[in-house]
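> Below is the sequence, then the predicted model.
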Amino acid sequence: MSASSSSSTSHASSPDTTSPSLGYSARVKQVQRPVLKSSPTPYPSFSVDVDELGLIKRVEKRKKEKRYTGRHNPNAQSKGISKALADLIPPEIINLILRQLIDDKQTLMKCSLVAWEWFFWARCYLVPKKIRVHIDSWHCIDPLETLSLFEHPSSTIGRYIHHLSVKPPSNNSRSLPGGHMRDIPLDYRRFLHAFVPNCDALRSMSLSNLDLNEFSDPKSPPHLQRAFPHLSNLEIRRCTFQTYGHFFSFVSNKRRLQHLSLTDVHILQPDVAGELFVAPAPRQLRYLRIHTAGLDRVLDWTLAHRHGPRIKSLEVGGIMTWEEQESAIRFFRRHGPSIETIKFCLYSWSLEIDLGVCSNLRELYISHAVLQDSSTGAALSTVLNQITSSKIADITLHFINRPENYNLLNWSELARVFEKPIFSAFKRLLIILNVDDDEEVPGSSDSVGVYLRACFHPLTRRKILNLMFE
(Lines give C-alpha, C1' and ligand atoms only; values in the text may rest on other atoms or scores of the structure.)
Protein backbone atom coordinates (compact mmCIF):
# COMPACT_ATOMS: atom_id res chain seq x y z
CA MET A 1 0.00 0.00 0.00
CA SER A 2 2.82 2.40 0.71
CA ALA A 3 4.43 1.77 -2.63
CA SER A 4 1.29 2.50 -4.57
CA SER A 5 0.54 5.62 -2.61
CA SER A 6 4.02 6.95 -3.11
CA SER A 7 3.86 6.35 -6.83
CA SER A 8 0.55 8.16 -7.13
CA THR A 9 1.90 11.07 -5.16
CA SER A 10 4.89 11.35 -7.46
CA HIS A 11 2.69 11.46 -10.51
CA ALA A 12 0.43 14.14 -9.12
CA SER A 13 3.28 16.41 -8.18
CA SER A 14 5.13 16.05 -11.49
CA PRO A 15 5.74 19.33 -13.37
CA ASP A 16 4.33 20.31 -16.82
CA THR A 17 5.92 18.45 -19.66
CA THR A 18 6.02 19.18 -23.38
CA SER A 19 4.48 16.64 -25.72
CA PRO A 20 6.67 16.27 -28.84
CA SER A 21 3.80 14.71 -30.82
CA LEU A 22 1.44 17.64 -30.25
CA GLY A 23 3.97 20.41 -30.80
CA TYR A 24 2.63 22.79 -28.15
CA SER A 25 2.69 23.17 -24.38
CA ALA A 26 -0.05 21.36 -22.46
CA ARG A 27 -0.76 20.44 -18.87
CA VAL A 28 -0.83 16.73 -18.32
CA LYS A 29 -3.60 15.47 -16.08
CA GLN A 30 -3.99 11.97 -14.78
CA VAL A 31 -7.29 10.25 -15.19
CA GLN A 32 -8.06 7.30 -12.98
CA ARG A 33 -8.22 4.21 -15.12
CA PRO A 34 -8.72 0.66 -14.11
CA VAL A 35 -5.45 -1.26 -13.77
CA LEU A 36 -4.97 -3.68 -16.56
CA LYS A 37 -4.22 -7.21 -15.54
CA SER A 38 -1.30 -7.45 -17.92
CA SER A 39 0.28 -4.15 -16.83
CA PRO A 40 1.78 -3.62 -13.38
CA THR A 41 1.17 0.17 -13.52
CA PRO A 42 -1.94 2.23 -14.43
CA TYR A 43 -2.23 3.58 -18.05
CA PRO A 44 -1.96 7.44 -18.11
CA SER A 45 -4.14 9.44 -20.59
CA PHE A 46 -3.64 12.94 -21.93
CA SER A 47 -6.19 15.78 -22.33
CA VAL A 48 -5.56 19.21 -23.88
CA ASP A 49 -6.78 22.44 -22.31
CA VAL A 50 -8.53 24.11 -25.28
CA ASP A 51 -8.73 27.46 -23.54
CA GLU A 52 -5.09 28.10 -24.37
CA LEU A 53 -5.75 27.54 -28.10
CA GLY A 54 -8.43 30.28 -28.28
CA LEU A 55 -10.94 27.95 -29.93
CA ILE A 56 -13.75 28.79 -27.55
CA LYS A 57 -13.36 32.49 -28.23
CA ARG A 58 -13.57 31.93 -31.97
CA VAL A 59 -16.72 29.87 -31.66
CA GLU A 60 -18.37 32.49 -29.48
CA LYS A 61 -17.42 35.22 -31.97
CA ARG A 62 -19.05 33.36 -34.84
CA LYS A 63 -22.21 32.82 -32.84
CA LYS A 64 -22.45 36.54 -32.20
CA GLU A 65 -21.99 37.36 -35.92
CA LYS A 66 -24.90 35.11 -36.85
CA ARG A 67 -27.21 37.11 -34.61
CA TYR A 68 -26.84 40.24 -36.73
CA THR A 69 -27.57 41.06 -40.35
CA GLY A 70 -25.26 42.86 -42.72
CA ARG A 71 -26.79 46.21 -41.76
CA HIS A 72 -25.70 45.90 -38.10
CA ASN A 73 -22.45 44.06 -38.64
CA PRO A 74 -20.22 45.65 -41.30
CA ASN A 75 -17.76 42.75 -41.11
CA ALA A 76 -20.37 40.20 -42.18
CA GLN A 77 -21.09 39.61 -45.89
CA SER A 78 -24.21 41.16 -47.40
CA LYS A 79 -27.16 38.77 -47.77
CA GLY A 80 -29.20 41.05 -50.06
CA ILE A 81 -32.56 42.58 -49.34
CA SER A 82 -35.59 40.64 -48.27
CA LYS A 83 -38.29 39.57 -50.70
CA ALA A 84 -40.84 41.76 -48.93
CA LEU A 85 -38.67 44.83 -49.52
CA ALA A 86 -37.96 43.83 -53.12
CA ASP A 87 -41.68 43.49 -53.85
CA LEU A 88 -42.23 47.10 -52.85
CA ILE A 89 -40.24 48.28 -55.89
CA PRO A 90 -42.29 48.11 -59.11
CA PRO A 91 -40.69 45.88 -61.78
CA GLU A 92 -40.88 48.70 -64.31
CA ILE A 93 -38.63 50.83 -62.06
CA ILE A 94 -36.18 47.95 -61.68
CA ASN A 95 -36.07 47.52 -65.44
CA LEU A 96 -35.40 51.24 -65.98
CA ILE A 97 -32.58 51.18 -63.42
CA LEU A 98 -30.87 48.13 -64.88
CA ARG A 99 -31.29 49.37 -68.44
CA GLN A 100 -28.89 52.21 -67.62
CA LEU A 101 -26.19 49.61 -66.85
CA ILE A 102 -26.24 47.72 -70.15
CA ASP A 103 -22.61 48.62 -70.89
CA ASP A 104 -21.42 47.89 -67.33
CA LYS A 105 -21.58 44.10 -67.03
CA GLN A 106 -19.75 43.96 -63.69
CA THR A 107 -22.31 46.22 -62.01
CA LEU A 108 -25.14 44.24 -63.58
CA MET A 109 -23.76 41.02 -62.12
CA LYS A 110 -23.70 42.61 -58.67
CA CYS A 111 -27.24 43.93 -59.07
CA SER A 112 -28.46 40.45 -60.01
CA LEU A 113 -27.54 39.26 -56.48
CA VAL A 114 -29.69 41.83 -54.67
CA ALA A 115 -32.99 39.97 -54.91
CA TRP A 116 -34.78 37.43 -57.07
CA GLU A 117 -36.71 40.14 -58.93
CA TRP A 118 -33.46 41.96 -59.69
CA PHE A 119 -31.90 38.75 -60.93
CA PHE A 120 -34.86 38.16 -63.25
CA TRP A 121 -34.46 41.57 -64.95
CA ALA A 122 -30.65 41.67 -64.89
CA ARG A 123 -30.53 38.29 -66.64
CA CYS A 124 -32.26 39.84 -69.65
CA TYR A 125 -29.27 42.16 -70.17
CA LEU A 126 -26.52 39.70 -69.19
CA VAL A 127 -27.47 36.80 -71.46
CA PRO A 128 -26.44 37.30 -75.13
CA LYS A 129 -29.55 38.21 -77.13
CA LYS A 130 -28.56 36.67 -80.45
CA ILE A 131 -30.97 33.72 -80.42
CA ARG A 132 -32.69 33.12 -83.76
CA VAL A 133 -36.06 31.35 -83.92
CA HIS A 134 -37.52 30.07 -87.21
CA ILE A 135 -41.12 28.87 -86.96
CA ASP A 136 -41.82 26.92 -90.14
CA SER A 137 -44.37 24.13 -90.18
CA TRP A 138 -42.43 22.22 -92.81
CA HIS A 139 -39.46 21.80 -90.50
CA CYS A 140 -41.01 22.11 -87.04
CA ILE A 141 -41.98 18.75 -85.56
CA ASP A 142 -44.95 20.10 -83.61
CA PRO A 143 -45.84 23.81 -83.93
CA LEU A 144 -48.36 23.53 -81.09
CA GLU A 145 -45.67 22.33 -78.73
CA THR A 146 -43.44 25.20 -79.77
CA LEU A 147 -46.28 27.65 -79.26
CA SER A 148 -46.93 26.35 -75.74
CA LEU A 149 -43.33 27.17 -74.88
CA PHE A 150 -43.90 30.84 -75.67
CA GLU A 151 -47.46 31.16 -74.36
CA HIS A 152 -46.76 29.75 -70.91
CA PRO A 153 -47.31 32.44 -68.23
CA SER A 154 -43.89 31.85 -66.66
CA SER A 155 -42.02 31.71 -69.97
CA THR A 156 -39.14 34.17 -70.30
CA ILE A 157 -37.49 32.82 -73.45
CA GLY A 158 -38.97 35.66 -75.50
CA ARG A 159 -36.69 38.13 -73.76
CA TYR A 160 -33.60 36.51 -75.29
CA ILE A 161 -34.69 36.11 -78.92
CA HIS A 162 -33.02 38.52 -81.34
CA HIS A 163 -34.50 37.30 -84.65
CA LEU A 164 -37.96 35.83 -85.23
CA SER A 165 -39.12 34.24 -88.48
CA VAL A 166 -42.74 33.07 -88.87
CA LYS A 167 -43.63 31.25 -92.07
CA PRO A 168 -46.85 29.22 -92.03
CA PRO A 169 -47.66 26.82 -94.89
CA SER A 170 -49.65 28.07 -97.81
CA ASN A 171 -52.13 25.16 -97.77
CA ASN A 172 -52.23 24.68 -93.96
CA SER A 173 -51.00 21.10 -94.21
CA ARG A 174 -47.68 19.31 -94.29
CA SER A 175 -46.24 15.82 -94.68
CA LEU A 176 -45.17 13.83 -91.66
CA PRO A 177 -42.13 11.50 -91.54
CA GLY A 178 -44.41 8.53 -92.26
CA GLY A 179 -45.56 10.08 -95.53
CA HIS A 180 -49.06 10.91 -94.26
CA MET A 181 -50.67 14.32 -94.44
CA ARG A 182 -52.45 16.06 -91.61
CA ASP A 183 -54.10 19.40 -91.19
CA ILE A 184 -52.72 21.85 -88.68
CA PRO A 185 -55.56 23.97 -87.27
CA LEU A 186 -53.17 26.61 -86.01
CA ASP A 187 -53.30 30.36 -86.43
CA TYR A 188 -49.66 31.37 -86.69
CA ARG A 189 -50.51 34.89 -85.55
CA ARG A 190 -50.62 33.42 -82.04
CA PHE A 191 -46.82 33.35 -82.13
CA LEU A 192 -46.84 37.11 -82.61
CA HIS A 193 -49.32 37.54 -79.75
CA ALA A 194 -46.99 35.55 -77.49
CA PHE A 195 -44.08 37.87 -78.29
CA VAL A 196 -45.95 41.14 -77.77
CA PRO A 197 -45.29 41.35 -73.98
CA ASN A 198 -41.79 39.82 -74.23
CA CYS A 199 -40.03 41.48 -77.13
CA ASP A 200 -37.41 43.72 -75.50
CA ALA A 201 -34.56 41.90 -77.24
CA LEU A 202 -36.32 41.41 -80.60
CA ARG A 203 -34.52 43.40 -83.29
CA SER A 204 -35.20 41.49 -86.52
CA MET A 205 -38.42 39.92 -87.81
CA SER A 206 -39.42 38.07 -90.99
CA LEU A 207 -43.12 37.48 -91.66
CA SER A 208 -44.53 35.37 -94.50
CA ASN A 209 -48.04 34.31 -95.58
CA LEU A 210 -49.79 36.12 -92.72
CA ASP A 211 -52.86 38.34 -92.45
CA LEU A 212 -51.62 41.32 -90.45
CA ASN A 213 -54.81 43.37 -90.34
CA GLU A 214 -55.16 42.66 -86.64
CA PHE A 215 -51.89 44.47 -85.96
CA SER A 216 -52.65 47.42 -88.25
CA ASP A 217 -56.36 48.10 -87.79
CA PRO A 218 -57.05 51.37 -85.87
CA LYS A 219 -59.85 49.53 -84.02
CA SER A 220 -57.42 46.95 -82.62
CA PRO A 221 -56.16 47.21 -79.01
CA PRO A 222 -53.32 49.73 -78.59
CA HIS A 223 -50.85 47.08 -77.44
CA LEU A 224 -51.26 45.27 -80.79
CA GLN A 225 -50.97 48.43 -82.87
CA ARG A 226 -47.75 49.40 -81.08
CA ALA A 227 -46.28 45.91 -80.94
CA PHE A 228 -42.58 45.29 -81.55
CA PRO A 229 -41.38 48.89 -81.10
CA HIS A 230 -37.67 47.94 -80.91
CA LEU A 231 -37.45 46.39 -84.37
CA SER A 232 -34.62 47.58 -86.60
CA ASN A 233 -35.02 45.05 -89.42
CA LEU A 234 -38.41 44.03 -90.87
CA GLU A 235 -39.07 41.69 -93.81
CA ILE A 236 -42.62 41.20 -95.12
CA ARG A 237 -43.32 38.47 -97.70
CA ARG A 238 -46.72 37.70 -99.20
CA CYS A 239 -48.60 39.23 -96.27
CA THR A 240 -52.06 40.75 -96.50
CA PHE A 241 -53.29 44.17 -95.42
CA GLN A 242 -56.71 45.72 -95.81
CA THR A 243 -55.53 49.04 -97.29
CA TYR A 244 -52.29 50.90 -97.85
CA GLY A 245 -53.17 52.98 -94.82
CA HIS A 246 -53.17 49.85 -92.64
CA PHE A 247 -49.85 48.78 -94.11
CA PHE A 248 -48.14 52.14 -93.55
CA SER A 249 -49.56 52.30 -90.03
CA PHE A 250 -48.09 48.88 -89.25
CA VAL A 251 -44.63 49.94 -90.42
CA SER A 252 -44.61 53.47 -89.00
CA ASN A 253 -45.20 52.20 -85.45
CA LYS A 254 -41.69 50.74 -85.54
CA ARG A 255 -39.97 54.05 -84.86
CA ARG A 256 -36.46 52.49 -84.71
CA LEU A 257 -36.81 50.66 -88.02
CA GLN A 258 -33.74 50.91 -90.29
CA HIS A 259 -34.16 48.05 -92.80
CA LEU A 260 -37.45 47.41 -94.63
CA SER A 261 -37.89 44.64 -97.20
CA LEU A 262 -41.17 44.18 -99.08
CA THR A 263 -41.95 41.22 -101.36
CA ASP A 264 -45.37 40.57 -102.94
CA VAL A 265 -47.38 42.48 -100.35
CA HIS A 266 -51.10 42.03 -101.03
CA ILE A 267 -53.51 44.94 -100.49
CA LEU A 268 -57.17 43.93 -100.41
CA GLN A 269 -58.76 47.32 -101.14
CA PRO A 270 -57.48 50.32 -103.08
CA ASP A 271 -56.37 53.18 -100.91
CA VAL A 272 -57.00 56.92 -101.14
CA ALA A 273 -54.03 59.25 -101.48
CA GLY A 274 -54.86 61.18 -98.32
CA GLU A 275 -54.09 58.20 -96.05
CA LEU A 276 -50.45 58.27 -97.12
CA PHE A 277 -49.89 61.33 -94.94
CA VAL A 278 -51.47 59.87 -91.81
CA ALA A 279 -48.65 57.50 -90.78
CA PRO A 280 -45.19 58.96 -91.44
CA ALA A 281 -42.26 56.78 -92.37
CA PRO A 282 -39.79 55.98 -89.55
CA ARG A 283 -37.16 58.69 -89.44
CA GLN A 284 -34.36 56.16 -88.89
CA LEU A 285 -35.21 54.20 -92.05
CA ARG A 286 -32.05 53.85 -94.17
CA TYR A 287 -32.37 50.69 -96.29
CA LEU A 288 -35.40 50.11 -98.52
CA ARG A 289 -36.00 47.00 -100.63
CA ILE A 290 -39.17 46.93 -102.77
CA HIS A 291 -40.12 43.88 -104.85
CA THR A 292 -43.88 44.32 -104.90
CA ALA A 293 -46.62 46.19 -106.68
CA GLY A 294 -47.36 49.71 -105.54
CA LEU A 295 -43.80 51.02 -105.81
CA ASP A 296 -45.12 54.54 -106.36
CA ARG A 297 -47.18 54.39 -103.14
CA VAL A 298 -44.18 53.32 -101.06
CA LEU A 299 -41.84 55.93 -102.54
CA ASP A 300 -44.42 58.70 -102.11
CA TRP A 301 -44.92 57.55 -98.51
CA THR A 302 -41.26 58.30 -97.77
CA LEU A 303 -41.69 61.75 -99.34
CA ALA A 304 -44.97 62.61 -97.62
CA HIS A 305 -43.43 64.42 -94.65
CA ARG A 306 -40.85 67.15 -94.73
CA HIS A 307 -38.72 65.66 -91.98
CA GLY A 308 -38.81 62.13 -93.34
CA PRO A 309 -36.09 59.49 -93.44
CA ARG A 310 -32.83 59.80 -95.33
CA ILE A 311 -32.62 56.68 -97.47
CA LYS A 312 -29.09 55.38 -98.05
CA SER A 313 -29.82 52.16 -99.94
CA LEU A 314 -32.58 51.45 -102.48
CA GLU A 315 -33.38 48.16 -104.22
CA VAL A 316 -36.29 47.92 -106.63
CA GLY A 317 -37.47 45.09 -108.85
CA GLY A 318 -40.17 44.33 -111.37
CA ILE A 319 -41.53 46.28 -114.30
CA MET A 320 -42.06 49.95 -113.48
CA THR A 321 -45.25 51.59 -114.65
CA TRP A 322 -45.47 55.23 -115.70
CA GLU A 323 -46.70 56.30 -112.25
CA GLU A 324 -43.84 54.41 -110.61
CA GLN A 325 -41.29 56.05 -112.87
CA GLU A 326 -42.62 59.48 -111.95
CA SER A 327 -42.41 58.61 -108.26
CA ALA A 328 -38.85 57.33 -108.72
CA ILE A 329 -37.81 60.60 -110.34
CA ARG A 330 -39.23 62.57 -107.39
CA PHE A 331 -37.59 60.14 -104.97
CA PHE A 332 -34.11 60.62 -106.44
CA ARG A 333 -34.51 64.37 -106.48
CA ARG A 334 -35.25 64.28 -102.76
CA HIS A 335 -32.93 61.51 -101.51
CA GLY A 336 -30.24 61.67 -104.20
CA PRO A 337 -27.48 63.25 -102.04
CA SER A 338 -27.91 60.66 -99.28
CA ILE A 339 -28.13 57.51 -101.43
CA GLU A 340 -25.02 55.33 -101.33
CA THR A 341 -26.25 52.01 -102.79
CA ILE A 342 -28.65 51.36 -105.71
CA LYS A 343 -29.82 48.02 -107.10
CA PHE A 344 -32.30 47.78 -109.98
CA CYS A 345 -33.30 45.69 -113.00
CA LEU A 346 -32.09 47.16 -116.29
CA TYR A 347 -35.03 45.98 -118.41
CA SER A 348 -37.52 47.85 -116.19
CA TRP A 349 -35.40 50.88 -115.35
CA SER A 350 -36.37 54.26 -116.76
CA LEU A 351 -33.48 56.07 -118.42
CA GLU A 352 -35.14 59.34 -117.46
CA ILE A 353 -34.03 58.74 -113.87
CA ASP A 354 -30.81 60.70 -113.53
CA LEU A 355 -28.20 59.09 -111.29
CA GLY A 356 -26.16 62.29 -111.44
CA VAL A 357 -28.04 63.62 -108.39
CA CYS A 358 -26.52 60.78 -106.29
CA SER A 359 -23.37 62.65 -105.34
CA ASN A 360 -22.38 60.08 -102.66
CA LEU A 361 -23.04 56.92 -104.65
CA ARG A 362 -20.64 54.13 -103.61
CA GLU A 363 -22.17 50.91 -104.96
CA LEU A 364 -24.27 50.13 -108.04
CA TYR A 365 -25.85 46.76 -108.84
CA ILE A 366 -27.53 46.32 -112.27
CA SER A 367 -29.37 43.01 -112.60
CA HIS A 368 -31.34 41.27 -115.36
CA ALA A 369 -29.39 42.83 -118.22
CA VAL A 370 -30.65 40.71 -121.13
CA LEU A 371 -28.25 40.35 -124.06
CA GLN A 372 -30.58 40.24 -127.04
CA ASP A 373 -29.47 43.14 -129.25
CA SER A 374 -27.33 46.28 -129.16
CA SER A 375 -29.90 48.19 -127.07
CA THR A 376 -28.57 46.59 -123.88
CA GLY A 377 -25.12 48.06 -124.42
CA ALA A 378 -26.57 51.51 -125.17
CA ALA A 379 -28.69 51.42 -122.00
CA LEU A 380 -25.71 50.34 -119.88
CA SER A 381 -23.52 53.10 -121.28
CA THR A 382 -26.26 55.68 -120.60
CA VAL A 383 -26.61 54.61 -116.97
CA LEU A 384 -22.85 54.47 -116.32
CA ASN A 385 -22.26 57.85 -117.94
CA GLN A 386 -24.78 59.39 -115.53
CA ILE A 387 -22.54 58.63 -112.54
CA THR A 388 -20.95 61.78 -111.13
CA SER A 389 -19.88 60.52 -107.70
CA SER A 390 -16.13 60.27 -107.17
CA LYS A 391 -16.80 57.83 -104.30
CA ILE A 392 -18.06 55.05 -106.55
CA ALA A 393 -16.10 51.91 -105.65
CA ASP A 394 -18.16 48.84 -106.60
CA ILE A 395 -20.26 48.05 -109.70
CA THR A 396 -21.92 44.72 -110.45
CA LEU A 397 -23.33 43.83 -113.89
CA HIS A 398 -25.52 40.73 -113.88
CA PHE A 399 -26.38 39.50 -117.39
CA ILE A 400 -29.09 37.02 -118.38
CA ASN A 401 -28.16 35.53 -121.72
CA ARG A 402 -27.48 32.41 -123.71
CA PRO A 403 -23.83 31.30 -123.91
CA GLU A 404 -23.58 32.21 -127.60
CA ASN A 405 -25.03 35.74 -127.18
CA TYR A 406 -22.25 37.28 -125.12
CA ASN A 407 -20.74 38.83 -128.27
CA LEU A 408 -23.89 40.91 -128.92
CA LEU A 409 -22.48 43.53 -126.55
CA ASN A 410 -19.63 45.82 -127.55
CA TRP A 411 -17.42 45.10 -124.53
CA SER A 412 -14.59 47.35 -125.71
CA GLU A 413 -16.89 50.36 -125.85
CA LEU A 414 -18.26 49.52 -122.42
CA ALA A 415 -14.72 49.26 -121.04
CA ARG A 416 -13.89 52.79 -122.21
CA VAL A 417 -16.53 54.14 -119.83
CA PHE A 418 -14.39 53.05 -116.87
CA GLU A 419 -11.42 55.04 -118.12
CA LYS A 420 -13.06 58.30 -117.03
CA PRO A 421 -11.38 60.18 -114.14
CA ILE A 422 -14.54 59.73 -112.08
CA PHE A 423 -13.57 56.04 -111.60
CA SER A 424 -10.14 56.80 -110.14
CA ALA A 425 -11.15 55.36 -106.74
CA PHE A 426 -12.80 52.35 -108.36
CA LYS A 427 -12.07 49.05 -106.53
CA ARG A 428 -14.16 46.28 -108.12
CA LEU A 429 -16.11 45.50 -111.27
CA LEU A 430 -18.01 42.22 -111.03
CA ILE A 431 -19.49 40.75 -114.24
CA ILE A 432 -21.86 37.76 -113.86
CA LEU A 433 -22.53 35.71 -117.01
CA ASN A 434 -24.31 32.51 -117.96
CA VAL A 435 -21.88 30.33 -119.90
CA ASP A 436 -21.42 26.72 -120.93
CA ASP A 437 -19.06 24.49 -118.95
CA ASP A 438 -17.85 22.66 -122.06
CA GLU A 439 -14.42 23.94 -123.06
CA GLU A 440 -14.98 23.13 -126.75
CA VAL A 441 -18.02 25.41 -127.03
CA PRO A 442 -17.14 28.99 -128.12
CA GLY A 443 -19.25 30.33 -125.26
CA SER A 444 -17.35 28.46 -122.53
CA SER A 445 -16.06 30.14 -119.42
CA ASP A 446 -12.41 29.98 -120.50
CA SER A 447 -12.95 31.68 -123.85
CA VAL A 448 -15.26 34.32 -122.39
CA GLY A 449 -12.83 35.02 -119.57
CA VAL A 450 -9.89 35.52 -121.94
CA TYR A 451 -11.91 37.82 -124.17
CA LEU A 452 -13.27 40.00 -121.35
CA ARG A 453 -9.88 40.35 -119.66
CA ALA A 454 -8.47 41.55 -122.97
CA CYS A 455 -11.26 44.13 -123.38
CA PHE A 456 -10.90 45.38 -119.78
CA HIS A 457 -7.13 45.28 -119.81
CA PRO A 458 -6.58 48.38 -117.58
CA LEU A 459 -8.94 46.99 -114.95
CA THR A 460 -7.36 43.54 -115.25
CA ARG A 461 -3.91 45.00 -114.69
CA ARG A 462 -5.13 46.79 -111.54
CA LYS A 463 -6.83 43.54 -110.36
CA ILE A 464 -10.23 45.23 -110.34
CA LEU A 465 -12.07 43.01 -112.82
CA ASN A 466 -13.84 39.97 -111.34
CA LEU A 467 -15.73 37.41 -113.41
CA MET A 468 -18.41 35.02 -112.16
CA PHE A 469 -19.92 32.30 -114.36
CA GLU A 470 -23.24 30.62 -113.62
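Thanks, I have the structure now.

> wouldn't residue 464 be in contact with residue 423 here?
No. With contacts counted by CB atoms under 8 Å, residue 464 stays clear of residue 423, the gap being 9.2 Å. The C-beta positions use only the backbone N, C-alpha and C, and glycine is treated the same way.

> Could you work out the end-to-end span of stretch 347-361 for me?
21 Å (CA to CA, to the nearest Å).

> Would you mind listing the buried residues in that stretch?
For stretch 347-361, the buried set under the neighbour-count rule, 16 or more other CB atoms under 10 Å, comprises 349, 353, 355, 357-358, 361.

> same check, this time on stretch 411-426
Using 16+ other CB under 10 Å as the test for burial, stretch 411-426 gives 411, 414-415, 418, 422-423, 426.

> before we move on, what about stretch 103-113?
Taking 16+ other CB under 10 Å as the basis for neighbour counts, the residues of stretch 103-113 that come out buried are 108, 111-112.

> for it, what is the average pLDDT?
For stretch 103-113, mean pLDDT rounds to 84.

> What are the boundaries of the strands in the stretch 151-300 of the chain?
Taking DSSP state E, counting those that start in this stretch as the test, the strands found in the stretch 151-300 of the chain are 161-167, 173-175, 181-183, 204-208, 233-237, 240-241, 259-263, 266-267, 287-291.

> Among the buried residues of stretch 103-113, name the ones in helices.
Cross-referencing the buried residues of stretch 103-113 with the helices (criterion: DSSP state H) gives 108, 111 as the overlap.

> What is the nearest of the buried residues of stretch 103-113 to residue 315?
Residue 315 has its nearest neighbour among these in residue 108, at 39.3 Å by CB to CB.

> From residue 100, how far out is the closest one?
Between residue 108 and residue 100 the distance, using CB to CB, to the nearest Å, works out to 10 Å.

> Residue 169 now?
Here residue 169 is placed at a distance of 44 Å from residue 100 (CB to CB).

> Look at those two and report which has more neighbours.
For residue 169 versus residue 100, the count of surrounding residues by other CB atoms under 10 Å is larger for residue 169: 15 against 9.

> So for that one, what pLDDT did the model give?
75.

> about what we covered before: mind telling me the two of the buried residues of stretch 411-426 farthest from one another?
Largest pairwise distance in those, by CB to CB, is 19.9 Å, between 411 and 422.

> As CSV, the buried residues of stretch 103-113 with distance to residue 90 would be great.
Shown next, in CSV, are these (distance: CB to CB, whole Å):
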residue, distance to residue 90
108, 19
111, 16
112, 18
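
> distance between stretch 110-127 and the chain's centre?
Counting by CA atoms, centre = their mean, to the nearest Å, stretch 110-127 is centred 22 Å from the centre of its parent chain.

> From residue 467, how far out is the spatially most central residue of the chain?
In the chain, the residue lying closest to the centroid (CA atoms, centre = their mean) is residue 162, at 4.3 Å. Applying CB to CB, one obtains 37 Å for the distance of residue 162 from residue 467.

> and if you look at residue 401?
Computed as CB to CB, the residue 401 to residue 467 distance reads 14 Å.

> Listing request: residues of the stretch 151-300 of the chain with sub-threshold pLDDT.
Filtered on pLDDT under 70, the stretch 151-300 of the chain yields the residue ranges 170-186, 271-277.

> how about 50 then?
Confidence mapping of the stretch 151-300 of the chain against pLDDT under 50 gives the ranges 172-184.

> Which stretches in it count as helices?
For the stretch 151-300 of the chain, the helices identified by DSSP state H, counting those that start in this stretch occupy 189-195, 222-225, 244-252, 295-303, in order along the chain.

> just checking, what packs against the last one?
I take that to be helix 295-303. Secondary structure elements in contact with helix 295-303, counted by 3 or more CB pairs under 8 Å, 6 or more residues apart in numbering; DSSP states H and E, are strand 287-291, helix 322-335.

> got a markdown table for these, with mean neighbour count and distance to residue 150 too?
Converted to a markdown table, those look like this (neighbours: other CB atoms under 10 Å; distance: least, CB to CB, whole Å):
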| stretch | mean neighbour count | distance to residue 150 |
| --- | --- | --- |
| strand 287-291 | 19 | 28 |
| helix 322-335 | 17 | 39 |
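
> residues making contact with stretch 341-351?
Residues external to stretch 341-351 that are found in contact with it (CB atoms under 8 Å, 6 or more residues apart in numbering): 312-320, 325, 328-329, 355, 358, 361-370, 376, 379-380, 382-383.

> Centre of the chain to it, how far?
Relative to its parent chain, stretch 341-351 has a centroid offset of 30 Å by CA atoms, centre = their mean.

> okay, now residue 234: neighbour count?
Residue 234 is flanked by 21 other residues according to other CB under 10 Å.

> And for residue 133?
Residue 133 sits with 18 neighbouring residues when counted by other CB under 10 Å.

> now it, which residues is it bridged with?
Partner residues in beta bridges with residue 133: residue 164, with DSSP bridges as the criterion.

> domains in this protein, as residue ranges please.
The chain resolves into domains spanning 1-53, 79-126, 337-470 when parsed by automatic domain parsing.

> Make JSON lines from the ones you listed and add distance to residue 155 to it.
Listed next are the domains of the chain as JSON lines, based on distance: least, CB to CB, whole Å:
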{"stretch": "domain 1-53", "distance to residue 155": "56"}
{"stretch": "domain 79-126", "distance to residue 155": "13"}
{"stretch": "domain 337-470", "distance to residue 155": "40"}
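
> Pick the most deeply packed of those.
For these, the largest average neighbour count (mean count of other CB atoms under 10 Å) is found in domain 337-470, namely a mean of 16.

> For it, what is the spacing between the initial and final residues?
Across domain 337-470, the straight-line distance between its terminal residues is 35 Å, by CA to CA.

> Measure how far that domain is from the centre of its chain, please.
Domain 337-470 has its C-alpha centroid displaced from the chain centroid by 34 Å (CA atoms, centre = their mean).

> My read is that residue 198 contacts residue 158, right?
Yes. The pair residue 198 and residue 158 qualifies as a contact (CB under 8 Å) at a distance of 3.1 Å.

> Same drill for these two, tell me which one is more crowded.
More crowded of residue 198 and residue 158, by other CB under 10 Å: residue 158, with 21 against 17.

> Could you verify my assumption that that one touches residue 194?
Yes. Using CB under 8 Å, residue 158 and residue 194 qualify as a contacting pair, with a distance of 6.9 Å.

> Tell me the residues that contact both of those two, please.
For the pair residue 158 and residue 194, residues contacting each of them under the criterion CB under 8 Å, 6+ apart are residue 150.
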